[in-house]
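Visitor: here is a sequence together with a model predicted from it:
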Amino acid sequence: MPNLNTRGALSIRNVTKIYDPEGVNVMAVKDCSMEIAAGEVCMIVGPSGCGKTTLLNAIAGFHSITSGEILLDGELLCGPGKPKADQGAERMVVFQHGALFPWKTLAQNVAYGPRVQGRSSKAEAMEKARDMLAEAGLGNVTEKYPGEVSSGMSRRAEIVRALINDPKVLLLDEPYRAMDALTKSIMHESLLETYDRTKVTIFFIIHDLEEAIFLGDKVHIVTTRPCQLKKTVEVNIPRPRSYQTQSSEEFRHLMEEVNEAVHEEAIKAFQAGERELA
Amino acid sequence: MTDIAQPSHTGAPAMPKKRSHLQNLAANKSLWRGITAIAVFLVIWEIGARWDEWFGKEWMIPGIGLIPPPSDVFEAWLKVLPKPGYWNSWYQSLTRVLSGFLSAMIIGIPFGLALAVNKYFRDIFFPPFEILRPIPPLAWVPASLIFWPTNEMSIAFVTFLGAFFTIVINVVGGARTIDVRYLRAAQSMGASQWDLFSKIILPGTLPSIFTGAAVGMGITWEVVLAAEMISGGGTQGGGGLGFFIWNSYMGGSLEQIVVGMISIGIAGYLCSSAIRMLGDWFMPWRRLF
Amino acid sequence: MSQATTAAPQRTTAPTGFSMFIYRLKKSLLTPDPYLTVFGVALWLFTWWLLCEGLRVDRFDKIPGPVAVFSELFSRTPFQGISIFKSEYYEHILVSCQRILIAFGIATGVGVPLGLFMGWSKRIRDYAFPILEMLRPIPILAWVPLSILMFPGFEAPVIFLATLASLFVTTLNTMLGVDSIDEAYFRAAGCLGSSNWDIFKNVVVPGALPFIFTGLQISIGVAWFSLVAAEMVSGDLGLGYLIVDSYMNNVTVPMVIGMITLGFVGWITSVMVRMLGNWLMQWHVKALALQGR
């Protein structure tokens, strides 16, 4: 499928991360490389606690890396001489447990980015925030606090909060993990709809294989800790996709392929029995 | 299917060597900053307190200028250390603290649990408890001096009260936050009422009991000290570290006041450490965190 | 699309605090709870009366009973000098409240910023925390003689002691409050392009608020505790002084009145702190209310 977006190509090259709390060394990511094209929906699948989040944190600039380099559109985010990327609005993260500020209303949350970046005045930011929330179907809860709305609504608002900054890459760390299947499917639909509109590059960490294939252009399967790229599966099912896609022959074939690769790693991870890293 | 064809140029770096415990300690920036801060604090105290000695009375810094410098305090401490009277003060204060604290625990924990478990008991006894709780423990001192025949008994009573309210309120709070799922799980496995109480409610409340005990211990020391200072010096109920301070104050020995303060600080710290250690020992499932 | 028709009927106005209160009151009157509460308080008053005035049990007879205390409290011509019609009574209350206000104000003004910075910056914590931890085990009352020597007059030492007590509690709770903020909020703020100052204003301060107010409630209790102690040892006015002065002059009724008043005033101040907290933390209150707490 031709993609008109030319921003947001990520190159992860030979990245290694060793955690060193109190002299106990843990290798979370080992010599991991992957290329993500501009405007691609890239799904990362791997056992729990394998270091996927570590990779995401390195891209977002929350953690340093030990060696290797990460580039965004050819620009060095982090690498030799600059172990930690700067945090910036071109790489927006949607967090595992949600991180809308509970002390701000949904509209205030969404307007926060443009305000602190000094891109617009408070009134303009609030107006744009309300418009964008309304566009996402949240028009009647803009003045509510996150604690007052459902988790599905607050996650959707969180994606709006990310998109208002016009990011190059959206980094999602299993944001729908705790939701029931029905809500999840609605969330996925709305994410796909958003993607069709913006064609933003998406780096999505996920556990569910079916969902990964359903959503992604590519599925990267990574090994158990230390995290390394094991296999990449390309999903050539045309968009827009619907739930019927999931019953197609092609889909089943892809499922089998991914399943085989993941299952092996899942067993290794389970037997290692290590606790998840932060 | 695409494989990442890029060969790894650099390869992963070797795992760094594990460091010894001592090396870790020496590399701990926080530790060195803490030591620096305390050293600077002591130096400022010393200089501030000696300012008037060096530059004349008219340059005395208000407040701090009247306090003895740490070196003098240390000297005074060395002087009292071998004296049995000093250690007797420790002994007396510790005895009072422990007796008040233990009686508050013995009465407070069952009372708190009863308040938490039984709704009728709570409805009847909680309101009077809440009426009395805001009265600061020391406000009870004169009344208890009138009521109890001896000073020692009134000190014990006020000490008891100080810790009692804190412990009860923590036990009630703790027992009521126990996750209902644990109780249901136990019931579905056929637990009796007594099992529920002894296997779920009691261990579930333990963390709060120890929190309450730690706070209660602090209050107990305050109250014992106050009681010793207010009623101290009499024939009975005298002595203790509170009296040690008061006596030094009356005798005008500033260094000894500070020695007394530090001694009480150490004693209080030892007591709360003991509670923490007991807590770790009683609650092995919390040690991990 | 039939969303509009299937949606629950919209309330035209949100329930106000007062109508909510009336509703809850009506509902609770149908349960045995309020009656048991009244019974509990009555039982307690009766026991007090029985021991001190009814049966005049040995030793209890030295303590004034509820009848003596309340008839004195509401008498225009009190035998022992203190009642709600005497200006001295209000003078004691006023003086104590003024001291608390100053001490609590200073402690909050210093303790909250200090705690916020200690929680926010590891460097500041590394330097400040050991000193705080070194001084904290020393009970406030051990400072009494030193503070009398350090500060001139009656007023300054008393306020110093209450401030010191309050300061430790406020600072530590504020610091713990910053620690309690989920790392994800800091990261989200960083992603969104916040400066350090933006993070401080928009994450550190509001995120720590629930802990700060829990701390302030404890802190005002501790301030009263120390104030009473200080007033008892060295005061010329105030509720603590009233209690000890009555004891010295062998008038027991004002002593008990002083105790009751202290409890009441202390409770009021703590409620005021809680109300201020709820008012500042609408988001917190609403979220808790929806969880049924």
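Guide: Received, thanks. What you see is a predicted model, and the numbers here were worked out from it, not measured in a lab.
Visitor: any idea how far the closest residue to chain C within the stretch 51-200 of chain A lies from C:A289?
Guide: Of all residues in the stretch 51-200 of chain A, A:G147 sits closest to chain C, at 2.7 Å by CB to the nearest CB. No exception for glycine: its C-beta is placed from N, CA and C like everyone else's. Plainly put, A:G147 is 9 Å away from C:A289 if you go by CB to CB, to the nearest Å.
Visitor: which one's more surrounded, the two?
Guide: Neighbour tally, A:G147 and C:A289, criterion other CB atoms under 10 Å in any protein chain shown: the higher count belongs to A:G147, 18 against 11.
Visitor: now for that one: which residues touch it?
Guide: A:102, C:283-284, C:286-287, C:290 (CB atoms under 8 Å, 6 or more residues apart in numbering or on different chains).
Visitor: same thing with C:P139?
Guide: With CB under 8 Å, 6+ apart, C:P139 has these contacts: B:218, B:221-222, B:225, B:264-265, B:268.
Visitor: longest helix of chain C?
Guide: helix C:87-120 (DSSP state H).
Visitor: what's the local residue count around A:D208?
Guide: Neighbour number of A:D208 under other CB under 10 Å is 16.
Visitor: where are the low-confidence patches of the chain?
Guide: Defaulting to chain A. Of all residues in chain A, those with pLDDT under 70 make up the ranges A:1-5, A:21-24, A:49, A:273-278.
Visitor: I was thinking of chain B, sorry if that wasn't clear
Guide: B:1-20, B:59-60, B:63, B:231-238, B:286-289.
Visitor: around chain C, pick out the residues from chain A.
Guide: A:60-62, A:87-89, A:91-93, A:95-104, A:112-113, A:116-117, A:145-148, A:161-162, A:165, A:278 (CB under 8 Å from any CB of the partner chain).
Visitor: hmm, back to that, helix or strand right after the longest helix of chain C?
Guide: helix C:122-135 (DSSP states H and E).
Visitor: how about that following helix and chain A, any contact?
Guide: No. Helix C:122-135 lies apart from chain A when judged by CB under 8 Å from any CB; the minimum separation is 14.9 Å.
Visitor: give the other helices and strands that the helix or strand just after that helix contacts.
Guide: With elements assigned by DSSP H and E, the helix or strand that comes after helix C:122-135 is helix C:144-150. For helix C:144-150, the helices and strands in contact under the criterion 3 or more CB pairs under 8 Å, 6 or more residues apart in numbering or on different chains; DSSP states H and E are helix B:241-250, helix B:254-282, helix C:155-180, helix C:205-233.
Visitor: on the three-state scheme, the closest residue to C:P130 other than its chain neighbours is what?
Guide: Leaving aside its sequence neighbours, C:P130 sits nearest to B:G34 (CB to CB, 6 or more residues apart in numbering or on different chains; 3.8 Å). With DSSP: H, G, I helix; E, B strand; the rest coil as the basis, B:G34 sits in helix.
Visitor: surely B:G34 touches C:F129?
Guide: Yes. Shown here, B:G34 and C:F129 form a contact pair, counting by CB atoms under 8 Å, at 7.2 Å.
Visitor: helix, strand or coil for A:I221?
Guide: Strictly by three-state DSSP, A:I221 counts as strand.
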